[in-house]
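*Asks:* sequence first, then the predicted structure:
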Amino acid sequence: MGESWEGIALGTANDRFKAKYGQYLSVALLLSLVIWTNIFLFTPELEIEAYRLKEDSIEVIDIPDVIDIPPPPQELPKPQVPIEAAPDAEVEDDVEIAETMPEEFDFSMPTGDGGAGAAQNFQAFDTKPELVKFVAPVYSEFAREAGFSGVVYVDVLVGTDGRVKQVRLQRGVHPLLDKSALAAAQRAQFTPGKQRDIPVEVWVTLPYGFILN
């Protein structure tokens, strides 16, 4: 009898739970609804804004199309420096130079300082050279004031083209006059000497006179 009562009591408790299951479920749902309603009512609304990139401020400067350039400063005139004219060089009227063209000159073999060497350089000819350009030597003022004068004889080798190839002093007076005579002889010009119509080199002697007034 004891077991049967226990079974009856257990079955009754289960039956009571099952009978009230619907009530328990309704109460649970109601509590859930109340809780969620309070959450929605009392929870502040969240505002979601779109993300924006930070923009740097750019300052735009207005540049005019036309730029006025000031004119360059005027150049100041350069001061005028007076220039004194140099006095005209005085020209001595009594400067004596050699004759413009010697009337005669020697076509014989030179016999000056050349010695035996000069004889070996002698060239036979049947047509003698003719002087076509005679350059007068310079008679310096110093030589005149020193009293140097006389006639300088210069041996000249006339080439096959009529030009002077070599000069040498045959008889001098003074180094100043000798140097001037040699320089003048170097600039002389001739027609070439010939041997049987063939141009040959010929030695001639030119005199240069330095005479004081």
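*Replies:* Thanks, I have it.

*Asks:* low-confidence regions, the protein specifically.
*Replies:* Counting by pLDDT under 70, the chain contains low-confidence residues at 1-11, 13, 45-46, 55, 63-68, 75-122.

*Asks:* domain parsing for it?
*Replies:* According to the domain assignment given by automatic domain parsing, the chain is divided into the following structural domains: 1-44, 116-210.

*Asks:* out of those, which one sits most buried?
*Replies:* By mean neighbour count, with neighbours taken as mean count of other Cβ atoms under 10 Å, domain 116-210 ranks first of those at a mean of 17. Glycine gets a C-beta too; all of them are placed from N, C-alpha and C.

*Asks:* need the domains of the chain in JSON lines with distance to Y51, can you?
*Replies:* Formatted as JSON lines, the entries for these read as follows, by distance: least, Cβ to Cβ, whole Å:
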{"stretch": "domain 1-44", "distance to Y51": "21"}
{"stretch": "domain 116-210", "distance to Y51": "106"}
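
*Asks:* closest to I69 out of these?
*Replies:* Put simply, out of the domains of the chain the one that sits nearest I69 is domain 116-210, at 64.2 Å, with distance taken as Cβ to Cβ.

*Asks:* just the helices in the protein please.
*Replies:* In the chain, helices defined by DSSP state H lie at 2-42, 116-120, 141-145, 175-186, listed in chain order.

*Asks:* and I211, how close does it get to T160?
*Replies:* Plainly put, I211 is 35 Å away from T160 if you go by Cβ to Cβ, to the nearest Å.

*Asks:* equivalent analysis for L206, please.
*Replies:* In this structure, L206 lies at 19 Å from T160, with Cβ to Cβ as the measure.

*Asks:* do the same with F125
*Replies:* To T160, F125 is 11 Å away according to Cβ to Cβ.

*Asks:* identify the contacts common to these two.
*Replies:* Common neighbours of F125 and T160, counting by Cβ atoms under 8 Å, 6 or more residues apart in numbering, are V200.

*Asks:* quick one: contacts for the closest residue to Q189 other than its chain neighbours?
*Replies:* In space, not counting the residues next to it along the chain, Q189 is nearest to K133; the distance is 3.9 Å by Cβ to Cβ, 6 or more residues apart in numbering. K133 makes contact with 187-189 under the criterion Cβ under 8 Å, 6+ apart.

*Asks:* possible to save those residues as TSV with distance to T12?
*Replies:* Formatted as TSV, those follow (distance: Cβ to Cβ, whole Å):
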residue	distance to T12
R187	168
A188	173
Q189	170
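
*Asks:* what residues does L33 make contact with?
*Replies:* Contacts for L33 (Cβ under 8 Å, 6+ apart) come out as none.
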